[in-house]
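K.L.:
attaching a predicted model along with its sequence, questions to come.
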Amino acid sequence: MRKLVVSNAMSLDGYYEGPGKNVMALFDYRWDYPTDESFDAYNVERLRAADTLLLGRVSYDGFKSFWPSVADDPNATPIQREISRLNNAIDKVVISDSLTSEETAPWHNTHIIGRAQAHAQIAELKGQSGRDILVFGSHTLWRDLLAHDLVDELHLMIGPVVLGAGTPVFDGPPKGSLRLIATLTWDGSGNVLVQYEVRRQNP
């Protein structure tokens with residue numbers, strides 16, 4: 001069975017995004033760590049291990065508006081250009097009741113699943129052979145999948161920023177339990193990565 005891996009950034013005080021849904025507030029640490037590429041480097045690692053990118057509509061639109069052209073941007077870093085190439089090439093699954101196939105350009109390798117069918121079809125995807133199913137962003141989606149025992153691993157990169165307000169990563173305790181399986185730090189970075197295995201609920 002394939003693993004479904006959620007990989008997200010968060011603030012030191014537990015927020016997924018800052019006030020006004022400002023996700024870029026999580027990266028204010030780059031003023032103090034201007035050469036820190038740990039976030040991008042880890043995203044590349046996760047994309048290399050996956051063959052399906054699972055997203056909610058808002059994250060899909062945001063990624064699609066930014067990443068496709070970065071592969072050919074001479075001002076982008078080599079890691080950012082690789083992220084762009086991997087994002088462009090990977091099979092994408094979007095959970096949405098409103099997205100149409102005409103709106104996926106240039107990412108035509110996108111499969112759209114309605115919200116009512118999401119749990120059953122994601123479970124079916126997990127049962128197929130292949131590499132990891134990866135979730136970036138998509139906070140509403142992955143919290144729902146976590147509540148329905150569809151997440152296998154939760155990877156949280158904790159940045160050295162305190163936001164004080166915003167959208168909390170969790171709005172209550174998850175069902176089941178989380179078992180720490182790895183931590184990771186990088187030289188010259190204030191980020192700490194924690195990886196948890198999601199333990200299934202008792203039937």
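P.N.:
That came through, no problem. Numbering: from 1, shown residues only.
K.L.:
what's the neighbour count on residue 25?
P.N.:
Residues near residue 25, counting by other Cβ atoms under 10 Å, number 19. Every residue, glycine included, has its C-beta placed from N, CA and C.
K.L.:
not counting sequence-adjacent ones, nearest residue to residue 100?
P.N.:
residue 112 (7.7 Å; Cβ to Cβ, 6 or more residues apart in numbering).
K.L.:
the one you found and residue 101 touch, don't they?
P.N.:
Yes: proximity of residue 112 to residue 101 meets the contact threshold set by Cβ atoms under 8 Å, at 6.9 Å.
K.L.:
those two: who's more crowded?
P.N.:
residue 112 (18 against 10).
K.L.:
contact partners for residue 104?
P.N.:
64, 94, 110, 112 (Cβ atoms under 8 Å, 6 or more residues apart in numbering).
K.L.:
looking at these, spot the one nearest residue 1.
P.N.:
residue 94 (22.1 Å; Cβ to Cβ).
K.L.:
which helix or strand contains the closest one?
P.N.:
Assigned by DSSP states H and E, residue 94 belongs to strand 91-95.
K.L.:
any buried residues in the helix or strand following that strand, and which?
P.N.:
Downstream of strand 91-95, the first helix or strand assigned by DSSP H and E is strand 110-113. The neighbour-count check on strand 110-113 (16 or more other Cβ atoms under 10 Å) flags 110, 112-113 as buried.
K.L.:
now render the residues you listed as TSV, adding distance to residue 36.
P.N.:
Formatted as TSV, the buried residues of strand 110-113 follow (distance: Cβ to Cβ, whole Å):
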residue	distance to residue 36
110	31
112	35
113	35
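K.L.:
neighbours around residue 192, how many?
P.N.:
16.
K.L.:
quickly list what the closest residue to it other than its chain neighbours is bridged to.
P.N.:
Nearest residue to residue 192 in three dimensions, chain neighbours excluded: residue 158, at 4.9 Å (Cβ to Cβ, 6+ apart). Judged by DSSP bridges, the bridge partners of residue 158 are residue 10, residue 192.
K.L.:
buried ones in stretch 192-203?
P.N.:
192-196, 198.
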